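J.: Prediction below, plus the sequence it came from.
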Amino acid sequence: MVVIENYTGFERVKHVGAMTLAAVLLGGNIVLSKVAADDGMTMRVMVAYRWIFATAFLGPIAIVVEWNKRPKLTWTVVVQAFLSGLLGGSLFSILFYTSVIMTSATFATAIYNLIPAMTFVIAVLLRFENLSFDKVSGKAKVMGTMICVGGAMLLTLYKGVEVHMWPIKINLLHHANEATAHKKLVGESGTFALGIVLAVTSCICYSLWIVLLAKVSKNYPCHYSSTALMSVMGSIQSVLFALCFDREVSQWRLGWDRRLFVVLYLGILGSGIVVILMTWCSQKRGPLFVSVFNPLILVFVALASSLVLDETLYLGSILGGFLIIMGLYVVLWGKGKDMKASRAIILSKGALQKNDLEAPNLDQGPSSTIK
């Protein structure tokens, strides 16, 4: 049985507001990661603290909300949670935030918008998604993916003139950070190229994680518990990885300073609250609705970075980001057409089954109607 919900204007406003808030919070993750690096905190330690605080926040919520709903925990679920914590948690975070330091917050966020197109390609290769090139929706998804790739290439290869947006700027960066150390080793151009590689690799990891989520949701259909379990795995992995490189106590010490503010923000607001908002909107309006708000992160980061991080905004970044956003919406439009077609098929099957149940029994023959 298919239930079709009718949303009022107020409910639509709530859903849009929730996803807008989630996009702003995610953008804050990216901007504050540079602030933490500027304060001397390595990305490895920052990621470790992020998942520790996310686990501390999500764990009690999962226990209370899904107390009697959780199925039995099997080794399959544990392995999938480990991979989720690796691909969507520790490894993705370390690669992505390091790329933010090596390139810029705006550039890394623009590359981040390639994730839906990368997910589509990986899903097709793994046969989780049908290409359907003979349909309009299939052509749209392929065309959108190509536009996204073109936008990423333009963003990488073309800089253009500087774009000045603010008459007054606030620079929150005052110290040397990890990018400075990398520039001394490989040079500025080499650092930027390495940052591009790390950004693309992090997107591939995240796309693999999205594909894996379908398996996780099927084997363990309790979202809060599975997310908390993923956070536990991500925190263990990131702590062990960080301890391999950062063993000095000073690197892990948190005082009443901006380091503590950043990791609390990343763990509670940038991870915990964002997961709750995205889960709620996904349940109410579907995953496609959630994906549509991805480009808002780029807009927020571009504005915030040019205002408070003293980052220079170039014409190439704006044009490349615009192409990536346009390609993203073409992919989402094609996916939306597929979902509407699938929904129409389900509704038609439901109507046929209903007609079959309500139809009179003709097997009794004409004699059954004669008195």
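T.: Okay, I see it.
J.: what's the neighbour count on residue 78?
T.: Burial of residue 78, expressed as a neighbour count using other Cβ atoms under 10 Å, amounts to 13. All C-beta atoms are positioned from the backbone trio N, CA, C, and that covers glycine.
J.: Mind listing what's buried along the one helix or strand it maps to?
T.: Per DSSP states H and E: residue 78 is located in helix 75-85. By 16 or more other Cβ atoms under 10 Å, the buried positions in helix 75-85 come out as 77, 80-85.
J.: does the residue nearest to residue 89 when sequence neighbours are not counted sit in a helix, a strand or a coil?
T.: Leaving aside its chain neighbours, residue 89 sits nearest to residue 234 (2.8 Å; criterion: Cβ to Cβ, 6 or more residues apart in numbering). Following DSSP: H, G, I helix; E, B strand; the rest coil, we place residue 234 in the helix state.
J.: sorry, back to before: now what about the helix holding residue 78, what contacts it?
T.: For helix 75-85, the external contacting residues (Cβ atoms under 8 Å, 6 or more residues apart in numbering) are 51, 209, 212-213, 215-216, 219-220, 226, 229-237.
J.: run the last query once more with 6 Å
T.: 216, 219-220, 229-230, 233-234, 237 (Cβ atoms under 6 Å, 6 or more residues apart in numbering).
J.: Strands - which of those land there?
T.: Using DSSP state E, no member of the contacts of helix 75-85 sits in strands.
J.: what about residue 51, distance to residue 271?
T.: For residue 51, the distance to residue 271 equals 8 Å [Cβ to Cβ, to the nearest Å].
J.: that older thread, looking at the contacts of helix 75-85, which is nearest residue 119?
T.: residue 216 (15.0 Å; Cβ to Cβ).
J.: how near is that closest one to residue 66?
T.: Taking Cβ to Cβ, one finds residue 216 at 15 Å from residue 66.
J.: How about residue 114?
T.: Distance, residue 114 to residue 66, by Cβ to Cβ: 33 Å.
J.: So which of these two has more stuff around it?
T.: More crowded of residue 114 and residue 66, by other Cβ under 10 Å: residue 114, with 25 against 16.
J.: Hmm, residue 149 and that one touching each other?
T.: No. Assessed by Cβ atoms under 6 Å, residue 114 is found out of contact with residue 149, at 7.7 Å.
J.: Do a quick rundown of the helices in the stretch 201-350 of the chain.
T.: 223-245, 249-252, 258-264, 274-285, 287-291, 294-308, 315-358 (DSSP state H, counting those that start in this stretch).
J.: Could I get the average pLDDT for stretch 217-228?
T.: For stretch 217-228, mean pLDDT is 82.
J.: my bad, should have said stretch 59-71
T.: Averaged across stretch 59-71, pLDDT comes to 86.
J.: what's next to that stretch, contact-wise?
T.: Outside stretch 59-71, the residues that reach it (Cβ under 6 Å, 6+ apart) are 222, 224-225, 228.
J.: What are the buried residues along it?
T.: Going by neighbour count (16+ other Cβ under 10 Å), the buried part of stretch 59-71 is 59, 61-62, 66, 70.
J.: Next: stretch 247-265.
T.: Buried residues in stretch 247-265, counted by 16+ other Cβ under 10 Å: 252, 258-259, 262-265.
J.: Could I get those in a markdown table, plus columns for pLDDT?
T.: Output for these, formatted as a markdown table (pLDDT from 0 to 100):
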| residue | pLDDT |
| --- | --- |
| 252 | 89 |
| 258 | 84 |
| 259 | 86 |
| 262 | 89 |
| 263 | 91 |
| 264 | 93 |
| 265 | 93 |
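J.: Let's test this: name the helix or strand in this protein with the lowest mean pLDDT.
T.: The weakest-scoring helix or strand in the chain, judged by mean pLDDT, DSSP states H and E, is helix 178-186 (a mean of 49).
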